[in-house]
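**Q** Everything below, folded, please.
(4 chains)
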Number of protein chains: 2
Amino acid sequence: MAKSFVTSVEVAQRAGVSRSAVSRTFTEGASVSPEVRRKVLKAAQELGYRVNRLAQGLNNASSNLVGVVGANLSLPFIAKQLDMLSLGLLRRGQQCLLLNAADARSDIAPLIELIFEFRARAIVVLSGEPPASIVDECLANGVKLIVINRLLERSDTDVILSDDILGATLAARRLTDARCRKVAVVTSGSGTPTQIRRAEAFGRIMKDDGIDVVGWHDGPTTYETGLKAARELLADPAIDGAFCVTDLMALGFLDAARHEMGRSVPDDLSVIGFDDIPQASWKSYELTTIAQSFEVLTEAVLAALDHADGQSVIQNVPVTLVERQTVRR
Amino acid sequence: MAKSFVTSVEVAQRAGVSRSAVSRTFTEGASVSPEVRRKVLKAAQELGYRVNRLAQGLNNASSNLVGVVGANLSLPFIAKQLDMLSLGLLRRGQQCLLLNAADARSDIAPLIELIFEFRARAIVVLSGEPPASIVDECLANGVKLIVINRLLERSDTDVILSDDILGATLAARRLTDARCRKVAVVTSGSGTPTQIRRAEAFGRIMKDDGIDVVGWHDGPTTYETGLKAARELLADPAIDGAFCVTDLMALGFLDAARHEMGRSVPDDLSVIGFDDIPQASWKSYELTTIAQSFEVLTEAVLAALDHADGQSVIQNVPVTLVERQTVRR
DNA sequence: ATGAAAGCGCTAACAA
DNA sequence: TTGTTAGCGCTTTCAT
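**A** Numbering: from 1, shown residues only, chains lettered A, B, ... in the order given. Have a look, this model is predicted:
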């Protein structure tokens, strides 16, 4: 790499001022005369000067990078979150350092360590759970840690949670209203806290209502897993309702139910999902589901970025029932 | 931010060595005795030392960040690319600085400038087209520029292109085999080169075959646009085939065709898409489509990262016809 | 193999 | 308002 970027000294020379003057023209709210500012800007322009954020960050002992770690970035639910988050960060003048965790089970500690090395101010964890040692390190170094849909057993981290209990309640109530007699609750085999919370709350309520519920869990959180669940569960003709804890699985479940198991939805089978991903509203599905607002979720994350150190918060993202066509009326 | 990270001096002191020794233990292939190395590692471990990549980068006049700019990160096709790319970068020991361009039409120049400021070695453009001035700046500063599915009119940039012409040819041939008499070609209103290339090549071939083709373009590249296209185009009962230049639009097209326009696919309407996004294989669609291999695409990008400066390449990503259920046999 | 010292490009404290 | 100076934390000659 023979060639390299123009530095502030070169700009200063060309403009006939000191390097501080250059620095100041590029610093919000520093005192420079309009005259000097103009000269600097002109020189910078001509030379193609770009502030070196590495050097800048070295001074402040922090970059304005925000580390984002997540897995399965192509799943609709995650992709949507990432899309909105990266956009929001950019609008706030922060940059997004993206680390892909390969899969949900993998250890995210090494990725977070990488983020430390870039002196990011904050870390957002979209999937996976940071080990306690990492949380401590964040605290010790003044790095804000924001975890989504994972309830850590400590009070020093910002946690953004979808309101799983309310969601499960809405789903249960809706299936009860549909006069279901025996319902399945479908989770993946990944055992994420969110899925477990949804499934357990749902099961509890249904049992209280005296409705038979059969649990099912296996495989990754994918469309194909939904397919498999339906193939296995719907062998039992008594099952007339299903709560799939993510839309992606619900969509697979629906497809196998209709196209392979000969079920008519919602006439002899009611299905309800969770998340309200874009595909849920596609005409072939019209999935009745529990919606989490991506806007609210993103806003909560961005707001958490501004919280003072140590002032951490558990925030519930509200959910609502979106009535479409997969539950009997 | 009162607290701050441990520095190499502190590690050096604790280990009873010089800072150079510390630097060397953390530098690949530097000469340190096992003895010193051990001491340094121990001290670093105890102190929770993290190399400061900002300072590191300041020295080398470059970070090992790779800038990635893209729009609509939640669209399946983009999300998939980003997922694989970020994973690949991480495996190569590079980090992904993600800049979200809000929408496909927006100017990506400011985002790329941001990437310059972080002294990234390379920039990958997933959507949008960098202006010539930016390309020049990349060249001048030794920054590798890799553009996907955009053919720039210059030979000094790496360009990765799906083989649109072949894809269009395969689609045309398939629709001809299905004995279609009048076919629609659906593009969005965004006018991206890829879409135009696909549509034009397709139209040319069909006309050569003496088959009626009607073009349609409007709106963003979304599912909803596909819906709209079908509603408008299928008012004409003579249309018995459609080539949608992206799967997402094809899926919308299919849904409106079946659920709103009363068409039976593939019996009285054949539909073919492009990209082979995950949803194309869902049971409700079973979309026949032209597949681009995401693996090959990603590999091509990663390989381009290694190209020597100035040695730029236009690489075609091969495509294949994936036969499913939406074209008459 | 190791340490001392210089310097990467910038900002902030201090003087003028 | 401006310039001078001293680091920020690291790597890298250059001696030893």
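
**Q** And the contacts of the strand or helix carrying A:Leu139?
**A** According to DSSP states H and E, A:Leu139 maps onto helix A:132-140. Residues outside helix A:132-140 that contact it (C-beta atoms under 8 Å, 6 or more residues apart in numbering or on different chains): A:109, A:112-113, A:116, A:123, A:130, A:143-145, A:152, A:154, A:156-157, B:3, B:48. Where you see a C-beta, it was placed from the backbone N, CA and C, and this is true even at glycine.

**Q** Is any residue of it near DNA strand D?
**A** No - Helix A:132-140 lies apart from DNA strand D when judged by C-beta under 7 Å from any atom of the strand; the minimum separation is 14.1 Å.

**Q** Quick check: buried residues in that helix?
**A** By 16 or more other C-beta atoms under 10 Å in any protein chain shown, the buried positions in helix A:132-140 come out as A:134-135, A:137-139.

**Q** quick revisit: of the contacts of helix A:132-140, which is the nearest to B:Asp103?
**A** Closest approach between the contacts of helix A:132-140 and B:Asp103, by C-beta to C-beta: A:Ile123, at 27.4 Å.

**Q** average pLDDT for the helix or strand where that closest one lies?
**A** A:Ile123 is part of strand A:122-125 when elements are defined by DSSP H and E. Mean per-residue pLDDT for strand A:122-125: 97.

**Q** Give the partner strands of it in its sheet and their orientations.
**A** Strand A:122-125 has the following strand partners under DSSP bridges: strand A:65-70 (parallel), strand A:144-148 (parallel).

**Q** picking up where we left off before, closest one of the buried residues of helix A:132-140 to DNA strand D?
**A** Using C-beta to the nearest atom of the strand, A:Glu137 comes nearest to DNA strand D of the buried residues of helix A:132-140, at 14.7 Å.

**Q** now that closest one: how far from B:Leu47?
**A** Relative to B:Leu47, A:Glu137 is positioned 11 Å away (C-beta to C-beta, to the nearest Å).

**Q** so how far is the first residue of stretch A:123-136 from its last?
**A** Terminal residues of stretch A:123-136 lie 13 Å apart, using C-alpha to C-alpha, to the nearest Å.

**Q** Return the distance of that stretch from the chain's centre.
**A** Stretch A:123-136 sits 13 Å away from the centroid of its parent chain (C-alpha atoms, centre = their mean, to the nearest Å).

**Q** Make TSV from the strands paired with strand A:122-125 and add mean pLDDT and distance to B:Thr320 to it.
**A** As requested, the strands paired with strand A:122-125 are exported to TSV (pLDDT from 0 to 100; distance: least, C-beta to C-beta, whole Å):
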stretch	mean pLDDT	distance to B:Thr320
strand A:65-70	98	31
strand A:144-148	96	38
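
**Q** Tell me which of those strands sits nearest to DNA strand D.
**A** Ranking the strands paired with strand A:122-125 by proximity to DNA strand D (C-beta to the nearest atom of the strand) places strand A:65-70 first, at 15.6 Å.

**Q** can you list contacts of the helix or strand just after the closest one?
**A** Following strand A:65-70 in sequence order, the next helix or strand is helix A:76-91 (DSSP H and E). The contact list for helix A:76-91 (C-beta under 8 Å, 6+ apart) reads A:66, A:68, A:70-73, A:95-96, A:98, A:124, A:126-127, A:148, A:246-248, A:275, A:277-279, A:294-295, A:297-299, A:301-302, B:72-74, B:76, B:79, B:82-83, B:98-100, B:102, B:111.

**Q** what's the answer for stretch A:297-316, then?
**A** With contacts defined as C-beta under 8 Å, 6+ apart, stretch A:297-316 is touched by A:66, A:81, A:84-85, A:88-89, A:92, A:94, A:121-122, A:124, A:142, A:144, A:146, A:148, A:151, A:155-163, A:317, B:1.

**Q** Mind doing that once more with 6 Å?
**A** Residues outside stretch A:297-316 that contact it (C-beta atoms under 6 Å, 6 or more residues apart in numbering or on different chains) are A:84-85, A:88, A:122, A:124, A:142, A:146, A:156-161, A:163, A:317.

**Q** Which residues of chain A lie near chain B?
**A** Residues of chain A lying close to chain B (C-beta under 6 Å from any C-beta of the partner chain) are A:1, A:3-5, A:48, A:50-51, A:53-55, A:57-58, A:61, A:73-74, A:79-80, A:82-83, A:86-87, A:90, A:96, A:98, A:100, A:116-119, A:141-142, A:255, A:259, A:283-284.

**Q** could you flag which of these are buried?
**A** Buried by 16+ other C-beta under 10 Å: A:5, A:50-51, A:53-54, A:57-58, A:61, A:73-74, A:79-80, A:82-83, A:86-87, A:90, A:96, A:98, A:100, A:116-119, A:141-142, A:255, A:283-284, out of the residues of chain A next to chain B.

**Q** Against DNA strand D, which of those make the cut? List them.
**A** A:58, A:61.

**Q** what about the helices in chain A?
**A** Ranges of helices in chain A, per DSSP state H, are A:8-15, A:19-25, A:34-47, A:53-60, A:76-91, A:109-117, A:132-140, A:164-177, A:193-208, A:223-233, A:247-259, A:294-306.

**Q** quick one: low-confidence ranges for chain A?
**A** Along chain A, the model assigns pLDDT under 70 to residues A:1-3, A:310.

**Q** Show me it divided up by domain.
**A** A:8-51, A:65-162+A:294-317, A:164-291 (automatic domain parsing).

**Q** TSV for the ones you listed, including distance to DNA strand C?
**A** Converted to TSV, the domains of chain A look like this (distance: least, C-beta to the nearest atom of the strand, whole Å):
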stretch	distance to DNA strand C
domain A:8-51	3
domain A:65-162+A:294-317	13
domain A:164-291	41
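
**Q** okay, these in TSV with distance to A:Gln325 next?
**A** Formatted as TSV, these follow (distance: least, C-beta to C-beta, whole Å):
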stretch	distance to A:Gln325
domain A:8-51	52
domain A:65-162+A:294-317	19
domain A:164-291	4
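
**Q** Relative to B:Lys39, which of these is closest?
**A** domain A:65-162+A:294-317 (21.2 Å).

**Q** could you list every residue that touches A:Asn100?
**A** Counting by C-beta under 6 Å, 6+ apart, A:Asn100 touches A:73, B:86-87, B:90.

**Q** Leaving out sequence neighbours, find the closest residue to A:Gln95.
**A** Leaving aside its sequence neighbours, A:Gln95 sits nearest to A:Leu65 (C-beta to C-beta, 6 or more residues apart in numbering or on different chains; 5.0 Å).

**Q** how much space between the one you found and A:Leu114?
**A** Distance of A:Leu65 to A:Leu114, given as C-beta to C-beta: 11 Å.

**Q** Look at these two and report which has more neighbours.
**A** Using other C-beta atoms under 10 Å in any protein chain shown, the more surrounded residue of A:Leu65 and A:Leu114 is A:Leu65, with 25 against 19.
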